[in-house]
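Engineer: Could you look at this predicted model? Sequence included:
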Amino acid sequence: MEELLRWGQENGIQLPKGIEFIKDGKKGFTCIYSNPQDLQTPRFIAPLNALIIGELAEKVFGTKNNGLLKFLLAKLKYDSNPTLIDNNTLDLQKKFAPYINVLPTVPDSPLIWNPREINLLKNTNLGNSIRERLYAIFEQWHNLIENNIFLQSFKLNIGNDLELFNQWDELSMQQIYDEIILKTVNSTPTHWCSFSAYLWSHLIFTSRAFPEYLINPKNCDEYSIMLLPIIDLLNHNYTSRVEWSTNNNRSFILTLLNDNIEQGDELFNNYGPKGNEELLNGYGFVLEDNICDSVTLKIKLPLPVIENILKNEPSISLPTIDDYTTYAFEVDQKSNLADDKTRTAENYKDGITYLLNTSNDTSLTSLLQVFTFLSKHDSEIVSFSIRARLDGLQGLRNALQNKLHILKYKVPDHEYLQYEIDEYRSYCSKIYRESQIKILKHSINVLKNWEKQWLKEFKPQLLTMDKILKYDTGFVETELPACFADNTSDDISFDSTFDLFVLWIAIKIQNHSFIEKYKSVQSDLESYIARHSNNEKKFTINEDTVSFYNTYFPQKDKQNKIKIENIHVALNYVRDNSFTRSSKLQETILVTSNK
Ligand SMILES: C[S@@+](CC[C@H](N)C(=O)[O-])C[C@H]1O[C@@H](n2cnc3c(N)ncnc32)[C@H](O)[C@@H]1O
């Protein structure tokens, strides 16, 4: 560390007076405010010349991008040859050695956990996506090699990795770990161009890179990253007030704005309002009671459905992962990404992303709008009918309930026993999972409350089978039994309240027997029939109807029964005008437009 600080001084890095860096177990280095007199507004300044930035990669590889910058870092760490630039006047290897030497040998992330540890994350978003994300990095590595002449010249040195890349689909997680990841974990890559070296570099960048546009707002890609030696030693605290800025010389400046810093306190950067999923994945740690925590829900819809929403329901918010700024600062320059109005369905080919949290219900509201949209029947004229809203809420609630159920499943630890479980990783998985469960439970409770309010608000338009059985005594005592009078078996059982509703409507049509209390249903039904009178398809008996009919009226006792035409109309009407509360024993509720 002394060597690095000396190096920093020689390279123009300015640090606040009165701080020191101390090694602290799991956190790595911590920056401690050890001398109160000297410290006013702590400011860290790193000049352009001390940064590891795309321009250096361009000098080495001919072009610049984040991937090549990662290759450069891997070269600085694992190549024993010099990396000469500027007409061979500068050796980057030598220049950055004090910094490279202090970088963690294994930046933690579930991407490099052993298979038994990965099992701890089973059924979580992180656990479910590890293989896929590893492949994405491997593919990035492969594409860079294939497309860069300088890197191509090393292909013979990395033949084994190229072969593993081609065999990826056949590799088990255990093989991936033993044959690929372990080399990163043990710092034993066979070559600086190898995937294991690249993976190390990738993890270094994910856990400590800054966006380049902070110092280069006009001249870099939105996602370009850079390394800020020494400044990147500050740990994260989401309450830390920080300002990230630059000056005319493109130096990076970090100012800590917190009041009341006392002797012995740790000085923190703020990596942004990141949830535990992002922290664990990118930085290898979690925070208990993290108020920034969220559950990511990614919804993939067919592109025509997205097109339909964009065209016809512009009020429905369709965020992508890019909409969630997770940096601690606001930038003047707006994202180059298409904003809501100019987005096309293509922008959503990887899914719509919603982040649920416990502090506000914005995402839940937007999600509910999508589920309501998906619940809309063709026959409904308005998009957000009461039925579609209640049905959408059921759908969303079921989806969250399923996710919760899966997350709560206790994963047995009986596989991969040859690997050890690291205690801290076990702790991180536990905190991450528990927090996901807590957020999901919160969201489900919010939905339950909304449902309760709506059921109350829309009560005059909602009809349950319990009510019918209570008030329509003629139906219960005479009409329904008459239908099944010839039935040879003792008991008739109805598969669901949905079926019973269909039979009720069909019987009422056939017998013209709507009781006074349910005249509103009759007139709703009549207007439904009138509305669809031109729709031949709707009134042509189909397989569904025949199957329903045969279920309740088997071949032999059909003479005196309900006409299949009436069953058909009733089936259509109930289907188009009801929703089913799966939370309450599959209870179907009929929604009429008349009060
Ligand atoms: C940008 S680096 C900070 C410097 C780091 N302490 C080091 O020695 O290299 C980010 C890493 O620091 C650790 N870290 C940062 N903030 C932390 C926190 N609040 N709790 C635990 N670990 C933290 C994690 O290992 C993370 O990947």
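Structural biologist: All right, it came through fine.
Engineer: Endpoint to endpoint, stretch 271-280 covers what distance?
Structural biologist: This stretch, stretch 271-280, spans 13 Å end to end (C-alpha to C-alpha, to the nearest Å).
Engineer: Low-confidence bits of this structure, can you list those?
Structural biologist: 36-39, 324-341, 486-491, 555-560, 583-584, 594-595 (pLDDT under 70).
Engineer: of all the residues in it, which ones are close to the ligand?
Structural biologist: By C-beta under 6 Å from any ligand atom, the residues of the chain that approach the ligand are 27-29, 104, 107, 207-208, 232-233, 235-236, 283-285. The C-beta positions use only the backbone N, C-alpha and C, and glycine is treated the same way.
Engineer: and the longest helix for this protein?
Structural biologist: helix 423-457 (DSSP state H).
Engineer: Sort out which of the residues of the chain next to the ligand are in strands and list them.
Structural biologist: Among the residues of the chain next to the ligand, DSSP state E puts 28-29, 235-236 in strands.
Engineer: Include neighbour count when you put those into CSV, please.
Structural biologist: Below are those laid out as CSV (neighbours: other C-beta atoms under 10 Å):
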residue, neighbour count
Gly28, 19
Phe29, 19
Asn235, 18
His236, 17
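Engineer: What is the most widely separated pair among the residues you listed?
Structural biologist: Spatial extent of these (C-beta to C-beta) is set by the pair Phe29 and His236 at 12.9 Å.
Engineer: rewinding a little: now, of the residues of the chain next to the ligand, which are buried?
Structural biologist: 28-29, 107, 207-208, 232-233, 235-236, 283-285 (16 or more other C-beta atoms under 10 Å).
Engineer: Chain neighbours aside, what residue packs nearest to Pro107?
Structural biologist: Using C-beta to C-beta, 6 or more residues apart in numbering and skipping residues adjacent in sequence, the residue nearest Pro107 is Leu203, 4.1 Å away.
Engineer: one step back: quick check: which helices or strands does the longest helix of the chain pack against?
Structural biologist: When contacts are defined as 3 or more C-beta pairs under 8 Å, 6 or more residues apart in numbering; DSSP states H and E, helix 423-457 packs onto helix 115-119, helix 276-283, strand 295-299, strand 352-356, helix 362-375, helix 386-408.
Engineer: and it with helix 276-283, angle?
Structural biologist: Relative orientation of helix 423-457 versus helix 276-283 (axes from the mean of the first three to the mean of the last three C-alpha atoms, to 10 degrees): 150 degrees.
Engineer: Going by neighbour count, list what's buried in helix 423-457.
Structural biologist: Neighbour-count burial for helix 423-457 flags 425, 428-429, 431-433, 435-437, 439-440, 442-444, 446-447, 450-451 (criterion: 16+ other C-beta under 10 Å).
Engineer: The very next helix or strand once past it pairs with which strands, parallel or anti?
Structural biologist: Using DSSP states H and E, the helix or strand that follows helix 423-457 towards the C-terminus is strand 462-464. Next to strand 462-464 in the sheet, as set by DSSP bridges, lie strand 587-591 (antiparallel).
Engineer: Show me how far the strand it pairs with is from its chain's centre.
Structural biologist: Strand 587-591 sits 33 Å away from the centroid of its parent chain (C-alpha atoms, centre = their mean, to the nearest Å).
Engineer: Can I get that strand as CSV, trimmed to CA atoms?
Structural biologist: Taking Å, rounded to 0.1, in the frame of the first residue of the first chain, the C-alpha atoms of strand 587-591 are listed here in CSV:
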residue,chain,number,x,y,z
GLU,A,587,-63.8,-18.6,-6.8
THR,A,588,-65.3,-17.2,-10.0
ILE,A,589,-66.9,-13.8,-9.8
LEU,A,590,-69.2,-12.4,-12.5
VAL,A,591,-68.7,-8.8,-13.3
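Engineer: on that earlier part again, hmm, Ser109 and the residue nearest to Pro107 touching each other?
Structural biologist: Yes. The criterion here is C-beta atoms under 8 Å, and Leu203 meets it with Ser109 at 5.4 Å.
Engineer: thinking again about what came up before, pick the one among the ones in strands among the residues of the chain next to the ligand closest to Leu121.
Structural biologist: For these, the nearest to Leu121 is His236 (20.9 Å; C-beta to C-beta).
Engineer: Secondary structure element for Lys59, which one?
Structural biologist: Here Lys59 sits within helix 54-61, counting by DSSP H and E.
Engineer: which helices and strands sit right next to the very next helix or strand once past that helix?
Structural biologist: Later in the chain than helix 54-61, the nearest helix or strand by DSSP H and E is helix 66-78. Helices and strands touching helix 66-78, by 3+ C-beta pairs under 8 Å, 6+ apart, are helix 54-61, helix 92-102, helix 125-147, helix 195-208, strand 225-226.
Engineer: which residues touch the helix or strand that helix 66-78 is followed by?
Structural biologist: Note on helix 66-78: by DSSP H and E, the next helix or strand toward the C-terminus is strand 84-85. Here strand 84-85 makes contact (C-beta atoms under 8 Å, 6 or more residues apart in numbering) with 56, 59-60, 90-92.
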